[in-house]
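**Q** quick one: sequence and predicted model below, then my questions.
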Amino acid sequence: MIESFLEHLRYEKRVSDHTLTAYRLDLDQLAKYLLFQYELATPETVTPPMLRSWIVSLVEEGLNPTSVNRKMATLRSYYKYLRRKSHILKDPTQGLSSLKTRRKLPAFVEEKAMTLLFEEVPFPEGFAGLRDRLLLELLYGTGMRLSELIGLEVGQVDTESRLIRVMGKRAKQRLIPISPSLARLLERYLPERVPDESTPALLLTDSGKATYPVFVQRTVKKYLSAVTTLQQKSPHVLRHTYATHLLNRGADLNAIKELLGHANLAATQIYTHNSIEKLKKSHQQAHPKA
């Protein structure tokens, strides 16, 4: 049933390979626990106390609440699928409560630091420097995910209309507008782009192959290290930066949701906390009674 469930996720829900791997690991981990503790061969015969016992064991091992909650989400999804397929009569996850977690504010780079990056930090001459700059400007100028950037193809870019068509999670497409300066950068880059084979990927390595996650992560970390002391210097930080700067400049939260490709507004609302923190600092610095 686990394999059947994963096939359902892959072909019907169209989840990413990364999500599939996580779900498989979670369910395999549960199956091993049940076999060791209760001599049960399959997770389908589990009872609510058994699931609570597994969750307690994860906490005792030192797993953080966020990771435990993610595993619980896997269980809920799995048993919901079994119930729908009539393999179980009762859902053993009903009544399970998520663990309390501290809400972490998304890390972002200050506007002045991003200005410094693109105006003062030197990029190498030739194709490599042009590619590095485009990579950073795409992440900061569109807020796309790392997987979306790597999957971006030449045919998805329209410099005349200043739009990029992005393939997001679960194969959902969205259009992201780009600035005139980013459109001009793309027009400079495209004639220099020479793939060593007929790859449609927009961003290429120095050898002409499509970029890959570690390449992008290294590039982002290298350049962000020149302008910020943030501990996190990842492509996702630039996505957070894009959203936070839009919100700080007065963008509508629903518009930001669409640009980021979030499924619901709750995922976008976390960026309002950064803006509130900024308002608090301004109040503390400026108000006589703060």
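**A** All right, it came through fine. Numbers count the residues shown, from 1 in each chain.

**Q** remind me, longest helix of the protein?
**A** helix 17-38 (DSSP state H).

**Q** now the following helix or strand past that one: buried residues?
**A** Next helix or strand after helix 17-38 toward the C-terminus (DSSP states H and E): helix 48-60. Buried residues in helix 48-60, counting neighbours by 16 or more other C-beta atoms under 10 Å, are found at 50-51, 54-55, 58. Every residue, glycine included, has its C-beta placed from N, CA and C.

**Q** tell me the one of these nearest R83?
**A** Of all the buried residues of helix 48-60, R83 sits closest to L51, with 14.6 Å by C-beta to C-beta.

**Q** all strands for the stretch 51-200 of the chain, in order.
**A** 157-158, 163-167, 173-177 (DSSP state E, counting those that start in this stretch).

**Q** so for the last one, mean pLDDT?
**A** This means strand 173-177. Computed over strand 173-177, the mean pLDDT rounds to 92.

**Q** got the contact list for that strand?
**A** 142-144, 162-168, 258-259, 261 (C-beta atoms under 8 Å, 6 or more residues apart in numbering).

**Q** do the same with the second one
**A** For strand 163-167, the surrounding residues in contact (C-beta under 8 Å, 6+ apart) are 138, 142, 144, 148, 151-152, 156-158, 173-178, 261.

**Q** do that again at 7 Å, thanks
**A** By C-beta atoms under 7 Å, 6 or more residues apart in numbering, the residues outside strand 163-167 that reach it are 142, 144, 148, 151, 156-157, 173-178.

**Q** would you turn the residues you listed into TSV with distance to Y223 and neighbour count?
**A** Converted to TSV, the contacts of strand 163-167 look like this (distance: C-beta to C-beta, whole Å; neighbours: other C-beta atoms under 10 Å):
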residue	distance to Y223	neighbour count
T142	17	23
M144	17	27
E148	19	23
G151	22	17
Q156	24	18
V157	22	21
Q173	29	10
R174	26	15
L175	27	13
I176	21	21
P177	24	13
I178	19	20
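
**Q** quick one, which of the contacts of strand 173-177 are buried?
**A** 142-144, 164, 166-168, 259, 261.

**Q** which of the residues you listed sits closest to V194?
**A** Looking across the buried ones among the contacts of strand 173-177 and measuring by C-beta to C-beta, the closest to V194 is I164, at 21.4 Å.

**Q** once you drop chain neighbours, what's closest to that closest one?
**A** Of all residues not flanking I164 in the chain, I176 sits nearest, at 4.9 Å (C-beta to C-beta, 6 or more residues apart in numbering).
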